[in-house]
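1. Just the structure for this:
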Amino acid sequence: MITLDLPSPAALAAASAAFTFALVGVGVLIVASAIVAATWARSLNGWALGGVSFVLSQTAQVVALFLLGPLVAAFASAPLQEGSRAIILSTAARRVRGERPSAAFGLGHGAIDLLTSSLIPTLSAVIILGGISDGSIFVGLNAEVTDKVNAVGVFLTGQTLLSAALLVVQGALVLALHVLLTRIVLRVVLRGGGTRTIGRGLILPVAIHMPVAVVRTLFPTATAPVLLVALIVAALVYQRGMSAMTETPLAP
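-> Here you go, the predicted model:
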């Protein structure tokens, strides 16, 4: 028999509703990104290749996580993502060369980012809260594991509808940031000059992306303001490159 001081049914129900809202909201963002890519950008292939670039970077990050630990992996995320973005844009995604196709690529990269960082964890939270609510999650668990599950439940019930809405807003900002970063990296790739030159060109997008990647991993509650600042900086950098015409312009 469970003797833990479980969260109240009302608290569990409220938290479950909040996470369900976040789950639906993030899911809508992911689906909408694919629809936008297939219609406005007319490049679902670019969207898929953007997703591949994120998966490639995350594969390398998992290796860094196991070999070097979470701190190093957090700081390696931005270089790995921008490096992967450049590799795919210069190889498999050679047809991604306009504003709309590059937007599709960025949306695909961001969509898979949201899938792994937001959608799956949120779905897990909904399942855990449901299991705690009906007690099914505790069946067959020993005392130590039961206590840990209860601690997770207590943490999850601290989340509100406001925090769920913020997660959805952050998801939209993440998609926008990946679109801008893709356009900046594409300019670097189009400019060419060899691996070393492209590597130097990636320093700026990595610097823009780095604070977001680190904060999202180590201090997730502080993500929103850092993400917003990064998005503004990325927009200014992209617009400055357009107006100065120092890089190859993108065709609309």
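
2. the helices in this protein, which residues?
-> 9-39, 44-68, 70-90, 99-114, 120-134, 143-156, 161-191, 195-201, 203-218, 223-244 (DSSP state H).

3. Any idea how far the second one is from the middle of the chain?
-> Right, the one you point to is helix 44-68. In this view, helix 44-68 has its centroid 11 Å away from the chain centroid, taken as C-alpha atoms, centre = their mean, to the nearest Å.

4. Can you give the contact residues for it?
-> Counting by C-beta atoms under 8 Å, 6 or more residues apart in numbering, helix 44-68 makes contact with 33-34, 37-38, 41, 72-73, 76-77, 80-81, 83-85, 87-89, 92-93, 95-96, 101-102, 104-113, 116, 178, 182, all of which sit outside it. Using the backbone N, CA and C atoms, a C-beta is placed for each residue, glycine as well.

5. Tell me the buried residues within the residues you listed.
-> Among the contacts of helix 44-68, the ones that count as buried by 16 or more other C-beta atoms under 10 Å are 33-34, 37, 41, 73, 76-77, 80-81, 83-85, 87-89, 93, 96, 101-102, 104-113, 178, 182.

6. list the contacts for the residue nearest in space to the middle of the chain?
-> Nearest to the mean C-alpha position of the chain, counting by C-alpha atoms, centre = their mean, stands Asp113 at 3.3 Å. Contacts for Asp113 were tallied using C-beta under 8 Å, 6+ apart; they are Phe54, Val174, His178.

7. Please repeat the previous calculation with a cut-off of 6 Å.
-> Residues touching Asp113, when contacts are defined by C-beta atoms under 6 Å, 6 or more residues apart in numbering, comprise Phe54.

8. quick one: it from Val52, how far?
-> 12 Å (C-beta to C-beta, to the nearest Å).

9. was I right about Ala74 contacting Thr217?
-> Yes - counting by C-beta atoms under 6 Å, Ala74 does reach Thr217; the two are 4.0 Å apart.
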